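Participant: please work out how this folds:
(one chain, ligands or ions: 1)
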Amino acid sequence: MKVKIDRMQCVSCGSCWDTCPALFVQNADDSFSQIVPEYQDNNDLSASIDLPDSIGCTRDAADLCPSAIITIEE
Ligand code: SF4
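Facilitator: Model prediction:
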């Protein structure tokens, strides 16, 4: 499973990093959500590598995003 965030549409509500801090964190410069460094695909703030199943909160974070900008690729 890979995850993408349409960061420019993020409203910095905090839901994703509260729901799934293993994968999401607030960017210190622009305040938008980003993928945590450990799981970034080639240092892309908005895209993850293929994630381990142990990160079970990913789908919840995507479902709860009020802007619906977190997408999951199986
Ligand atoms: S839940 Fe969505 S809108 Fe809220 S901070 Fe995360 S990506 Fe941004």
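Participant: so what's the nearest residue to Leu45 once chain neighbours are set aside up against?
Facilitator: Using C-beta to C-beta, 6 or more residues apart in numbering and skipping residues adjacent in sequence, the residue nearest Leu45 is Gln34, 4.0 Å away. Any C-beta I mention is one placed from the backbone N, CA and C, and that applies to glycine too. By C-beta atoms under 8 Å, 6 or more residues apart in numbering, the contact list for Gln34 reads 5, 7, 24-27, 40, 45-46.
Participant: repeat the analysis, applying 10 Å as the threshold.
Facilitator: 5, 7, 10, 16-17, 23-28, 40, 44-47 (C-beta atoms under 10 Å, 6 or more residues apart in numbering).
Participant: what separation do you get for Gly56 and Ala22?
Facilitator: Using C-beta to C-beta, to the nearest Å, one obtains 9 Å as the distance from Gly56 to Ala22.
Participant: looking at the two, which is more packed in?
Facilitator: When neighbours are counted by other C-beta atoms under 10 Å, Ala22 comes out ahead of the other of Gly56 and Ala22, with 17 against 10.
Participant: give me every residue that touches the closest residue to the more buried one other than its chain neighbours.
Facilitator: Spatial nearest neighbour of Ala22, chain neighbours left out: Ile55 (5.2 Å); criterion: C-beta to C-beta, 6+ apart. Neighbouring residues of Ile55 by C-beta under 10 Å, 6+ apart: 1, 3, 20, 22-23, 36, 39, 48, 61.
Participant: try Ala62
Facilitator: Contacts for Ala62 (C-beta under 10 Å, 6+ apart) come out as 3-5, 16, 19-20, 68-72.
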